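Novice: Provided below are the primary sequence and the corresponding predicted coordinates.
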Amino acid sequence: MHCDNSSHFLVNILTEIPYLYFLKQKEMNRIKEVLKEQGRSQKWLGVQIGKSHNMINAYVQNRQQPRLEVLYEIARILDVNPKDLLKEDFND
C-alpha cells in the first residue's frame, strides 16, 4: 500500500488527538481557588473584566484558558501575582 505525504499527515494528526485532548482537559489555572479564597464570585469577576458569565465559568472550570493579557487583568483585579493564578504542576 502506497501512502503519500497527506496520508502520513492525517495519521500523525489522528494519533495526536488523544494527547491534545488530554492537554486541553488539564487544570491549568487556579482562578476558582483564588476567587474562593477571597470570597468573590464569578459574576463579580465577570463584571470587573467585562466578560460574560459563560466565559468566566469556562475559565474557572478550566474548559478554556484566558489569553495572557486577560490573565494579567484578572491578577490585577484580584490583587495577586499572575503566577498565583497558575497551577505549578498540571497534574494537580
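Specialist: Perfect, I can see it now.
Novice: OK, contacts around Val60?
Specialist: 31-32, 35, 42 (C-beta atoms under 8 Å, 6 or more residues apart in numbering). Backbone N, C-alpha and C define where each C-beta goes, glycine included.
Novice: Only C-alpha atoms, please: export stretch 77-85 in PDB.
Specialist: Extracted as PDB, the C-alpha positions of stretch 77-85 are listed here (Å, rounded to 0.1, in the frame of the first residue of the first chain):
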ATOM      1  CA  ILE A  77      -8.200  42.900  39.800                       C
ATOM      2  CA  LEU A  78      -7.700  40.100  42.400                       C
ATOM      3  CA  ASP A  79      -4.500  41.900  43.600                       C
ATOM      4  CA  VAL A  80      -2.400  38.800  43.200                       C
ATOM      5  CA  ASN A  81       0.700  37.900  41.200                       C
ATOM      6  CA  PRO A  82      -0.200  36.300  37.800                       C
ATOM      7  CA  LYS A  83       1.800  33.300  38.800                       C
ATOM      8  CA  ASP A  84      -0.600  32.800  41.700                       C
ATOM      9  CA  LEU A  85      -3.400  32.100  39.100                       C
END
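Novice: what about stretch 48-66, how long is it end to end?
Specialist: Terminal residues of stretch 48-66 are spaced 15 Å apart (C-alpha to C-alpha, to the nearest Å).
Novice: list the buried ones in it?
Specialist: By 16 or more other C-beta atoms under 10 Å, the buried positions in stretch 48-66 come out as 49, 51, 55-57, 59-60, 62, 65-66.
Novice: Sort out which of those residues are in helices and list them.
Specialist: Taking DSSP state H as the definition of helices, the buried residues of stretch 48-66 contribute 49, 55-57, 59-60.
Novice: would CSV of those with distance to Leu85 and pLDDT be doable?
Specialist: Listed next are those as CSV, based on distance: C-beta to C-beta, whole Å; pLDDT from 0 to 100:
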residue, distance to Leu85, pLDDT
Ile49, 13, 96
Met55, 15, 96
Ile56, 13, 97
Asn57, 16, 96
Tyr59, 10, 96
Val60, 11, 96
